[in-house]
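Student: Okay, sequence plus prediction incoming.
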Amino acid sequence: MWVGREVGGAMERVDLEFWGVSVRVRKRWVLEGAQGGVKSGEVLGLMGPSGSGKTTLLTALAGQVPRAKGVHLEGRIAGNGRPVREAAPRVAFVPQEDLLFSNLTVRETLETSAALRLPRGTSRAARAEAVEGLLGKLGLRQCADSRVGDKKRRGISGGEKKRLALGCELLGSPALVFADEPTTGLDSYQAEKVVRVLRVLADAGHTVVLTIHQPRGAIFGMLDRLALLSQGRLIFSGPAKDAAGFLATCPGGPGSVPANVNPAEFCLDQVSVDQDSPEEERATLAHVNEVANAFAKGPLWKREPPAWAEAEQDGQGRDENGKRKSRGHEGAGRLKQLRVLFGRAWRQAIRDKQNNKVRAMSNLMSAVIFGTVFHKMGRRQTSIQDRQGLLQVAAINTAMASLMKTLGVFPKERVLVNRDRSNGAYGVAPYFVSKLAAELPVSAAFPLIFGAVVYPMCGLDPTPAKLGRFLGSVTLESFCSAALGMCVGSIAPSPEAAFAMGPAVMVIFIVFGGYYVNEENVPRLLRGLPRASLIKWAFQALLVNEMRGLTFEQRPDHPTDLTTGEQALERLGFHTEDVNECAKAQLKLLAGFYGVCYYLLASNKSRFIEPAEPSAGGAPSARA
């Protein structure tokens, strides 16, 4: 028996049926009137040339069409004659991109998913049994203790990552399994192994739907049903074994399927549009339209939508607000989520040895370079400017190092977290608190390394209290910069955009950091920028900490020379606040950045479109 049933509760078999499924993006229909069905224990393949609408149909059936301006979904999608979420509260959706934490092992990844997704009250022994069962069923036992890895660090293979991503979704016995291009980027052997796992799932009673591109013959033979698309239109929907014969006998077809030809390749050849020349494009497009029309007039085309069950017609199965009830089980509680997520975040942070080593060496090298340039500053008049320059570049270096590290990690992690949250695995608060609790101690080490080396090399005031305040200021600034990076990573649509936005914001903070522009000379319209600059408060804290109580040598015949550190602070406009006031301002910025990031994460939860009733007619040619 499939292990998910034993641990995640009894799995209701679900027959999936869809009619008139269409998706419009702004004014263009990218999917038109798709229909078909697949029974429990079967595999439905969505196939077609690139841009044919395969992934659009898959996301529509899985309830994963994102809510966005200009996106419209219509159609009727039923599970056992009811809305899908009522028939199957747990739906597994495996995206094309493998989103996994790179520093966890395969077993730890599944254990984390089991702890978060399985019903409350599931014993530790039952979770362990579920994980071991999945490792065996998915063929991952030999790499169970290997780290997942990523582009920077070698880990498990691409096929193993696909199966691991599938395994994370299978915990809790989902009746419906949707996989988007599970064979992309794999060689033919690994691709067949992945699809064979899906075939095993179907044989165990799951209903499986996958998009697939150019499958080998053995993979095509594992499909029970096929939905063939081209140019956003449905060309064929029915038993996979009948597809090639139908296309061969359609108007313009060859009459029969050539011998020794992969039926998948034959089907794709018949529905592809050749764009090598305008003449070829018109001819092949006309053939595709003929085939689509022939299917629409044939016996497989269903002109009437499936009727909902009586419970839905009577308004049952809905709550007092008219929303559909969920019959899904409750996962881990908040405290357990916090504990599990902290363990995941801690392992992810502490095991990132390569990145941590690079960050430590970078901070050490910066400290040595600055210490060499500003070596043993004395109390001469020129040392006043040297101190200001050193502390300014120290503040900038600390902020930029922390910002760039966060921008390199958080935008990618945000995508994974949003996916987990859309599945109800955990909430924002446990994730956010656990991430900060795990990463802050590790992140504190790098500014401390920098400060411990640069401080004595440059001959700054050796008073222990001042050294402690220096280290505390750069560490607090590092936290503020990381929080700023999380805010930018929450807003940016992609990691590349985050890398462009983050330094641009930091440059503004550097300009208003108190060294280049005096706050008294800032235009009234921009007066808020210095107060919001983390560079300004860090630089001011470092400079006030160093300058208070210092005296400088006065040159003969130079009565305008500055003799005390307080005079130098007054010239920069830093004579009003002390180090504690600067620290309070930094803490306010830190809390503000964290608050903004938390709000963005909570408000950016993936939202999906409920399908509207399909338009009358239902034929794919009905669209303009």
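Tutor: Alright, I've got the coordinates.
Student: Strands of the stretch 101-250 of the chain, residue ranges please.
Tutor: Under the criterion DSSP state E, counting those that start in this stretch, strands of the stretch 101-250 of the chain are mapped to 176-179, 207-212, 225-230, 233-239.
Student: Tell me which of the ones you listed sits nearest to residue 458.
Tutor: Of all the strands of the stretch 101-250 of the chain, it is strand 176-179 that lies closest to residue 458, at 57.9 Å by C-beta to C-beta. Every residue, glycine included, has its C-beta placed from N, CA and C.
Student: Would you tell me which helix is longest in the protein?
Tutor: Counting residues, the longest helix found in the chain (DSSP state H) is helix 382-422.
Student: For the chain, which helix or strand comes out least confident on mean pLDDT?
Tutor: Of all the helices and strands that make up the chain, helix 310-313 has the lowest average by mean pLDDT, DSSP states H and E, namely a mean of 41.
Student: How about the contacts made by the residue nearest the centre of the chain?
Tutor: With distances taken as C-alpha atoms, centre = their mean, residue 415 lies nearest the centre of the chain, 1.3 Å away. Residue 415 sits next to residue 99 when contact means C-beta atoms under 8 Å, 6 or more residues apart in numbering.
Student: any idea how far it lies from residue 604?
Tutor: Residue 415 is 10 Å from residue 604, where distance means C-beta to C-beta, to the nearest Å.
Student: Residue 27 too?
Tutor: Taking C-beta to C-beta, one finds residue 27 at 27 Å from residue 604.
Student: Likewise for residue 37?
Tutor: 34 Å.
Student: for residue 573, same thing?
Tutor: From residue 573 to residue 604 the distance is 39 Å (C-beta to C-beta).
Student: show me where pLDDT drops low in this structure?
Tutor: 1-11, 299-331, 518-521, 575-577, 606, 614-624 (pLDDT under 70).
Student: As a quick check, tell me the outermost residue of it.
Tutor: Of all residues in the chain (C-alpha atoms, centre = their mean), residue 557 lies farthest out, 65.7 Å.
Student: helix, strand or coil for that one?
Tutor: Under DSSP: H, G, I helix; E, B strand; the rest coil, residue 557 falls in the coil class.
Student: more neighbours, residue 37 and residue 604?
Tutor: residue 37 (19 against 15; other C-beta atoms under 10 Å).
Student: And for the closest residue to that one other than its chain neighbours, the neighbour number?
Tutor: Leaving aside its chain neighbours, residue 37 sits nearest to residue 17 (4.0 Å; criterion: C-beta to C-beta, 6 or more residues apart in numbering). When neighbours are defined as other C-beta under 10 Å, residue 17 has 20 of them.
Student: ok, and for the helix or strand where residue 17 lies, which residues are buried?
Tutor: Element membership for residue 17, per DSSP states H and E: strand 16-25. By neighbour count on 16 or more other C-beta atoms under 10 Å, the buried set for strand 16-25 is 16, 17, 18, 19, 20, 21, 22, 23, 24.
Student: Then stretch 366-380?
Tutor: For stretch 366-380, by 16+ other C-beta under 10 Å, it's 366, 367, 370, 371, 374, 377.
Student: And for stretch 162-178?
Tutor: 162-178.
Student: Near residue 84, how many other residues are there?
Tutor: So residue 84, with other C-beta under 10 Å, has 23 neighbours.
Student: what sits against it?
Tutor: Residue 84 neighbours (C-beta under 8 Å, 6+ apart): 14, 16, 61, 63, 77, 78, 91, 176.
Student: So which of the residues you listed is surrounded by the most neighbours?
Tutor: residue 61 (27 neighbours).
Student: didn't it look like it was pressed against residue 16?
Tutor: Yes. Taking C-beta atoms under 8 Å as the definition, residue 61 is a contact partner of residue 16 at 6.9 Å.
Student: who touches both of these two?
Tutor: 77, 84, 209.
Student: sec struct for the first one, please.
Tutor: Which is residue 77. strand.
Student: Kindly state the beta-bridge partners for it.
Tutor: Residue 77 has these beta-bridge partners by DSSP bridges: residue 18.
Student: Out of the strands of the stretch 101-250 of the chain, which gets nearest to residue 474?
Tutor: Judging those by C-beta to C-beta, what sits closest to residue 474 is strand 176-179, at 47.6 Å.
Student: Each with direction, which strands does that closest one pair with?
Tutor: strand 91-94 (parallel), strand 207-212 (parallel).
Student: if we can go back for a sec, quick check: phi and psi on the residue farthest from the centre of the chain?
Tutor: When read as degrees, to the nearest 10, the backbone of residue 557 gives phi 60, psi 30.
Student: again with residue 102
Tutor: phi -70, psi -30.
Student: list the contacts for it?
Tutor: Contacts of residue 102 by C-beta under 8 Å, 6+ apart are 147, 148, 149, 150, 153, 155, 348.
Student: how about a cut-off of 7 Å?
Tutor: Residue 102 is in contact with 147, 148, 149, 150, 153, 155, counting by C-beta atoms under 7 Å, 6 or more residues apart in numbering.
Student: what do you get for residue 162?
Tutor: So residue 162 contacts 98, 182, 186, 194 (C-beta under 7 Å, 6+ apart).
Student: Now do the helices in the stretch 101-250 of the chain.
Tutor: For the stretch 101-250 of the chain, applying DSSP state H, counting those that start in this stretch gives helices covering 106-117, 124-137, 158-170, 188-203, 217-220, 240-249.
Student: on that earlier part again, for the shared contacts of residue 61 and residue 16, give me CSV that also has distance to residue 242.
Tutor: CSV is the format used below for the shared contacts of residue 61 and residue 16 (distance: C-beta to C-beta, whole Å):
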residue, distance to residue 242
77, 23
84, 26
209, 18
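Student: quick one: which of these is nearest residue 541?
Tutor: residue 84 (56.6 Å).
Student: if I look at that closest one, how far off is residue 77?
Tutor: 6 Å.
Student: before we move on, what about residue 384?
Tutor: From residue 384 to residue 77 the distance is 73 Å (C-beta to C-beta).
Student: and what of residue 524?
Tutor: Counting by C-beta to C-beta, the gap from residue 524 to residue 77 is 57 Å.
Student: what does residue 358 give?
Tutor: Applying C-beta to C-beta to residue 358 and residue 77 gives a distance of 48 Å.
Student: quick one, domains of the protein?
Tutor: For the chain, automatic domain parsing gives the domain ranges 3-325, 360-422+444-603.
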